[in-house]
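1. any chance you could fold what I've pasted below:
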Amino acid sequence: MSLQQPLAERMRPKSLDDYLGQEHLVAKGAVLRNTIESGKISSMILWGPPGVGKTTLAQIISQSLERPFFTLSAVNSGVKEVREVLDKAKHSQFFDAPNPLLFIDEIHRFNKSQQDSLLAAVENGTVTLIGATTENPSFEVISPLLSRCQVYVLKSLERDDLQTLIQKALHDDVVLKKMNIVIEEDEALMRFSGGDARKLLNVLEIVINAQFGKEQIVITNDIVTNTLQENIALYDKGGEQHYDIISAFIKSIRGSDPNAAVYWLARMLEGGEDIKFIARRLLISASEDIGLANPNALLLAQSCFNAVSVIGMPEARIILSETTVYLATSPKSNSAYLAINAALEEVKHSGMLPVPLHLRNAPTKLMRQLDYGDGYKYSHDYPGHFVKQEFLPKELSNASFWKAATNKREQDTKQYLQSLWNDKYEF
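-> Predicted coordinates:
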């Protein structure tokens, strides 16, 4: 191993036993570990934030199974590169040898045609695909490809994992173990890492290098903060503040501050952020934070996503700005967000209760004989297109999940519903 390699690369684990975090996937008896140890893995998508071990896990899988391993980065690979790698993979197979592994980092950056070029190879077993993504694969991976992959969700590392990683670096790394390094405080290291192992090791290395040559290297919160401020260009290389800035952006919209929201938008655009990523976050904010207080917000956000996908930069900045300002200046409501969360909690608590018979579909004679649909009242047959009847399982009769927020639109809706249901529900 070259000593010129970054600390994060030198500390990359080589086996599952050295792998930190993701106990739900790789601990003894966990689902992914069992799959790897069986030697029979299917194509998969590893979904999680940066620095939690997606690439490392793919490499460990390759080493454990002793299969040919091909890699592509979606950032700088097109259809041509995909086809070249698939051709190499096809020619690397001999007799009944297991098929090669193809690892694609940031697979969410592949467009539809690039993903389509993978489909046949995955389907016929030319390769076993391992894709890594920080974005929800339901939105970013085409359905035919996603349906052929098992999705594994990786989580941000816990504080204990990060502290263990620091100690391993100090005691096991060929360079650091020769130094006299004293960590008096680690809160700043934890804060700047944000659960990202690679970022943590990068920060640690920057702070140590800043004191290189000293007889004793001391690490405190102030030293970490001051050192990073002096080395901000190095620290931010590759968009390390990606998640901090998008968080500030969304919170500014939620807080009805259009000036701050546009500032953080500009920071992302200047840093080369994917405009579709920004537009997706605007879609989420429109439903989560504005919601029923202004339903048009979701329509505008959807139009924004469609428009920036077609137009691209630099003009897309105007569309993103318009939508950002509109959302930031809209009245706010999270009633829909709270309603679905409350309903999900109820489902977890009460389980899958049966659908009342009068609400069931009855397409066959047998179902009608079993009273499916019997007693259902067709709302449009009644005055005002409404008639009282039970739509919840009897165990949940009168349960209320949606509560009107204080904005005028939802208060009007509340009055309308109360006129229909009287005291059945608490709106």
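
2. regarding V151, what is its secondary structure?
-> Three states are possible here, and by DSSP: H, G, I helix; E, B strand; the rest coil the one that applies to V151 is strand.

3. apologies, that question was intended for S42.
-> Judged by three-state DSSP, the three-state class of S42 is coil.

4. count the neighbours of it for me.
-> 11 (other CB atoms under 10 Å). Just so you know, the C-beta spots here come from the backbone N, C-alpha and C atoms, and that holds for glycine as well.

5. give the contact list for the residue nearest to Q114 when sequence neighbours are not counted.
-> For Q114, the nearest residue in space outside its immediate sequence neighbours is V79; the separation is 5.5 Å by CB to CB, 6 or more residues apart in numbering. In this structure, V79 makes contact with S113, Q114, S117, judged by CB atoms under 8 Å, 6 or more residues apart in numbering.

6. show me the shaky parts of the stretch 51-200 of the chain.
-> Along the stretch 51-200 of the chain, the model assigns pLDDT under 70 to residues 75, 78, 92-97.

7. same thing with the stretch 251-400 of the chain?
-> Within the stretch 251-400 of the chain, the set of residues satisfying pLDDT under 70 comprises 362-363, 366-368, 370-372.

8. all the helices of it, residue numbers only.
-> For the stretch 251-400 of the chain, applying DSSP state H, counting those that start in this stretch gives helices covering 258-270, 275-285, 296-311, 316-329, 335-350, 365-369.

9. tell me how far the residue nearest to Q114 lies from K112.
-> Using CB to CB, to the nearest Å, one gets 11 Å for the distance from V79 to K112.

10. ok, back up a step: same list (the helices of the stretch 251-400 of the chain) but as CSV, adding distance to E410 and mean neighbour count.
-> Converted to CSV, the helices of the stretch 251-400 of the chain look like this (distance: least, CB to CB, whole Å; neighbours: other CB atoms under 10 Å):
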stretch, distance to E410, mean neighbour count
helix 258-270, 23, 17
helix 275-285, 18, 20
helix 296-311, 14, 17
helix 316-329, 17, 20
helix 335-350, 6, 13
helix 365-369, 38, 11
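
11. save those helices as CSV, and put in distance to D222 too.
-> Output for those, formatted as CSV (distance: least, CB to CB, whole Å):
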stretch, distance to D222
helix 258-270, 26
helix 275-285, 34
helix 296-311, 42
helix 316-329, 35
helix 335-350, 39
helix 365-369, 72
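
12. mind checking these for the one nearest to E106?
-> E106 lies closest, by CB to CB, to one member of the helices of the stretch 251-400 of the chain: helix 275-285, at 11.3 Å.

13. closest to V127 out of the helices of the stretch 251-400 of the chain?
-> Nearest to V127 among those is helix 275-285 (26.6 Å), distances taken as CB to CB.

14. name the helices or strands packed onto the closest one?
-> Helices and strands touching helix 275-285, as assessed by 3 or more CB pairs under 8 Å, 6 or more residues apart in numbering; DSSP states H and E, comprise helix 242-254, helix 258-270, helix 296-311, helix 316-329.

15. returning to what we had before: among the contacts of V79, which one lies nearest to D17?
-> Using CB to CB, the shortest approach to D17 within the contacts of V79 belongs to Q114, at 35.5 Å.

16. any idea which helix or strand comes after the helix or strand harbouring that closest one?
-> With the criterion set as DSSP states H and E, the secondary-structure element containing Q114 is helix 112-123. Elements were assigned by DSSP H and E; along the chain past helix 112-123, the next helix or strand is strand 128-133.

17. so what touches that following strand?
-> The contact list for strand 128-133, computed with CB under 8 Å, 6+ apart, reads 41-47, 54-55, 58, 61, 67, 99-108, 118, 121-122, 137, 140-141, 145, 149.

18. again, but for stretch 280-287
-> By CB under 8 Å, 6+ apart, stretch 280-287 touches 135, 139, 246, 249-250, 253-254, 297-298, 300-302, 304-305, 320, 323-324, 327, 336-337.

19. again, 6 Å this time
-> The set of residues that contact stretch 280-287 without belonging to it, under CB atoms under 6 Å, 6 or more residues apart in numbering, is I246, I250, I253, A297, L298, A301, C304, F305, T323, L327.

20. tell me which of the contacts of strand 128-133 fall in strands.
-> Among the contacts of strand 128-133, the members falling in strands are M44, I45, L46, W47, L101, L102, F103, I104, D105 (criterion: DSSP state E).

21. my guess is the second one contacts V151, does it?
-> Okay, so that is I45. Yes: applying CB atoms under 6 Å, one finds I45 in contact with V151, separated by 4.7 Å.

22. looking at these two, which is more packed in?
-> Neighbours were tallied for I45 and for V151 using other CB under 10 Å; the higher tally belongs to I45 (23 against 15).

23. what are the bridge partners for the more buried one, then?
-> Per DSSP bridges, the residues bridged to I45 are G131, V151.

24. give me every residue that touches the nearest residue to E140 once chain neighbours are set aside.
-> Excluding its sequence neighbours, the residue lying closest to E140 (CB to CB, 6+ apart) is H108, at 3.6 Å. Contact analysis of H108 by CB under 6 Å, 6+ apart lists T133, E135, E140.

25. from those residues, which is closest to L72?
-> The shortest distance between L72 and any of the contacts of H108, using CB to CB, involves T133 and amounts to 13.2 Å.

26. residues near the closest one, how many?
-> In terms of burial, T133 registers 22 neighbours under the definition other CB under 10 Å.

27. how close does the residue nearest to it when sequence neighbours are not counted sit to S419?
-> Taking CB to CB, 6+ apart, and ignoring the residues beside it in sequence, T133 has H108 as its nearest neighbour in space, at 4.4 Å. Going from H108 to S419 by CB to CB gives 47 Å.

28. again with S193
-> Counting by CB to CB, the gap from S193 to S419 is 54 Å.
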